[in-house]
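> just a sequence and a predicted model for now, questions to come.
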Amino acid sequence: MKLPMRPTYFARDPGAAICARRRRLLLALAAAPFAAGLSLSPRTARAAQGVIEGRDRWLFPAWESYQTDDTSACLAIVDLIGRVVGAMNAHGVRCTIVVAPLKARAAADKLPEGASLAPAVAQRYTAILARAKQAGLDFVDAVAALANVDTRADSTYIRADYHWSAHTAEAVADATARRLTDAGALRGEQADPPALGEWTEEMDYGDLAALLPPDRKRAIGKDRFIVREEADGGGLLPDATPVVQVVGNSMVQPYLGFPQRLSHTLARPVGLTWKFGDTGPWKTLLDYLESPAFVQQKPQAVVWQFNEGQMAYGPGASGQWDASSIMAEAAWLDRVEKALAR
């Protein structure tokens, strides 16, 4: 299996270890709802394993309901994000938000026979963007970016995996780059970034398939992972101080190409801090803001990435994040303020 090695044009967070192999399932995230005894979506063929089997052997995460209306909680989270963005702006750091759409939204035609998004869930992403716009926040419309994915070459999400495809990651990265440049000039002179690597195909079991019993896993089969090889020629600015820092979960991991594409499109060095989804966006951002790298050189902008299926949960959501990540909202905000002020 040939994997991309060191990305060519983005600065890594030295504290984020990149596995030699492809990052597999968010197993901790998958287990979290069951450990907490949370309810699942009702339309589950394999809910006991955390997987919903849809049409054409597509799989969906059972811990992300496409029936439950939690829009009001999501809008409250947008308000909390607004408080953090305001604090970051006060310290000279811009913030752009990316919310990865629910897989059931991106591939609604592959849900189980007779199943569909509940009307309120179908409108939830639009409601989130509307609330953000009302508050003057810079949210990327990742749902609109899905329309720019050439589905003749790849699907928008990986069939039996939790994640969006590398083509979708790049489409969202391009939309993010446009938001960043529209918000104002970025520091430094643009440089000619090295070419992105050629597309290559790997066959492996998807993250969600790995949750199934052996017989069902074999029946679902392996997925095509279409990713880029490492570009030839080495890094243009491998040790450069990031102008933009991406903070998120495995949707923005290097394997799927989001930070490389963002850096390529911006022609600026981009840093990356990412953790598995069970860590949560709140602790991941805090880890970055409290890191020596942030103290030594604040970026001009932070791209903060969320998952739509987790948007209803704040930093104190017991059962959603690993125990070490959970903290009261007030305590979390206090630590963010102190980290920004250093």
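Great, that's in hand.

> export the host helix or strand of His167 as PDB, just CAs?
Secondary structure here is read from DSSP states H and E; on that basis His167 sits in helix 166-182. Extracted in PDB, the C-alpha atoms of helix 166-182 (Å, rounded to 0.1, in the frame of the first residue of the first chain):
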ATOM      1  CA  ALA A 166     -10.100  13.400  -0.700                       C
ATOM      2  CA  HIS A 167     -11.900  15.100  -3.700                       C
ATOM      3  CA  THR A 168     -14.400  16.600  -1.200                       C
ATOM      4  CA  ALA A 169     -11.700  17.600   1.200                       C
ATOM      5  CA  GLU A 170     -10.000  19.500  -1.600                       C
ATOM      6  CA  ALA A 171     -13.300  21.100  -2.800                       C
ATOM      7  CA  VAL A 172     -13.900  22.300   0.800                       C
ATOM      8  CA  ALA A 173     -10.300  23.500   1.100                       C
ATOM      9  CA  ASP A 174     -10.800  25.600  -2.100                       C
ATOM     10  CA  ALA A 175     -14.000  27.100  -0.700                       C
ATOM     11  CA  THR A 176     -12.200  27.800   2.600                       C
ATOM     12  CA  ALA A 177      -9.300  29.600   0.700                       C
ATOM     13  CA  ARG A 178     -11.900  31.800  -1.000                       C
ATOM     14  CA  ARG A 179     -13.400  32.800   2.300                       C
ATOM     15  CA  LEU A 180      -9.900  33.500   3.800                       C
ATOM     16  CA  THR A 181      -8.900  35.700   0.900                       C
ATOM     17  CA  ASP A 182     -12.200  37.500   0.700                       C
END
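
> begin at 871 from here
Fine by me, first position is 871 from now on; the one you just mentioned is helix 1036-1052.

> list the buried residues for that helix?
Counting neighbours by 16 or more other C-beta atoms under 10 Å, one finds that the buried residues in helix 1036-1052 are 1036-1047, 1049-1050. Any C-beta I mention is one placed from the backbone N, CA and C, and that applies to glycine too.

> so what does that helix touch, helix or strand wise?
Contacts of helix 1036-1052 with other secondary structure elements, assessed using 3 or more C-beta pairs under 8 Å, 6 or more residues apart in numbering; DSSP states H and E, are made with strand 964-970, strand 1008-1010, helix 1012-1016, strand 1093-1098, helix 1128-1136, strand 1171-1177.

> tell me the helix or strand right after that helix.
Scanning onward from helix 1036-1052 (DSSP H and E), the first element met is strand 1069-1074.

> that next one pairs with which strands?
Within its sheet, strand 1069-1074 is paired with strand 1093-1098 (antiparallel), according to DSSP bridges.

> hang on, the earlier thing: could I get the helices and strands packed on helix 1036-1052 as JSON lines with mean neighbour count and mean pLDDT?
Written out in JSON lines, the entries for those read as follows (neighbours: other C-beta atoms under 10 Å; pLDDT from 0 to 100):
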{"stretch": "strand 964-970", "mean neighbour count": "24", "mean pLDDT": "98"}
{"stretch": "strand 1008-1010", "mean neighbour count": "21", "mean pLDDT": "98"}
{"stretch": "helix 1012-1016", "mean neighbour count": "20", "mean pLDDT": "97"}
{"stretch": "strand 1093-1098", "mean neighbour count": "19", "mean pLDDT": "96"}
{"stretch": "helix 1128-1136", "mean neighbour count": "27", "mean pLDDT": "95"}
{"stretch": "strand 1171-1177", "mean neighbour count": "26", "mean pLDDT": "98"}
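
> and those: which comes nearest Tyr1158?
When these are ranked by proximity to Tyr1158, the top entry is strand 1171-1177, at 7.8 Å, counting by C-beta to C-beta.

> elements contacting the following helix or strand past that closest one?
The first helix or strand that comes after strand 1171-1177 along the chain, using DSSP H and E, is helix 1199-1211. On a contact count with 3+ C-beta pairs under 8 Å, 6+ apart, helix 1199-1211 meets helix 941-960, helix 1151-1159.

> following element in sequence after the last one, please.
Translated: helix 1151-1159. In the C-terminal direction, the helix or strand that comes right after helix 1151-1159 (DSSP H and E) is helix 1162-1166.

> tell me the mean pLDDT over that following helix?
What helix 1162-1166 shows for mean pLDDT is 94.

> alpha carbons only: can I get that helix in PDB?
What follows is helix 1162-1166, C-alpha atoms only, in PDB (Å, rounded to 0.1, in the frame of the first residue of the first chain):
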ATOM      1  CA  PRO A1162       4.300  26.800  22.600                       C
ATOM      2  CA  ALA A1163       3.800  27.200  18.800                       C
ATOM      3  CA  PHE A1164       0.900  29.600  19.300                       C
ATOM      4  CA  VAL A1165       2.700  31.600  21.900                       C
ATOM      5  CA  GLN A1166       5.800  31.900  19.700                       C
END
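
> now do the buried residues in it.
Judged by neighbour count (16+ other C-beta under 10 Å), helix 1162-1166 contains these buried residues: Ala1163, Phe1164.

> ok, for the residue nearest in space to the middle of the chain, nearest residue in space, not its chain neighbours?
Of all residues in the chain, the one closest to the mean position by C-alpha atoms, centre = their mean is Met1121, 3.5 Å from it. Spatially, and ignoring its direct neighbours in sequence, Met1121 is nearest to Ala970 (4.7 Å; C-beta to C-beta, 6 or more residues apart in numbering).
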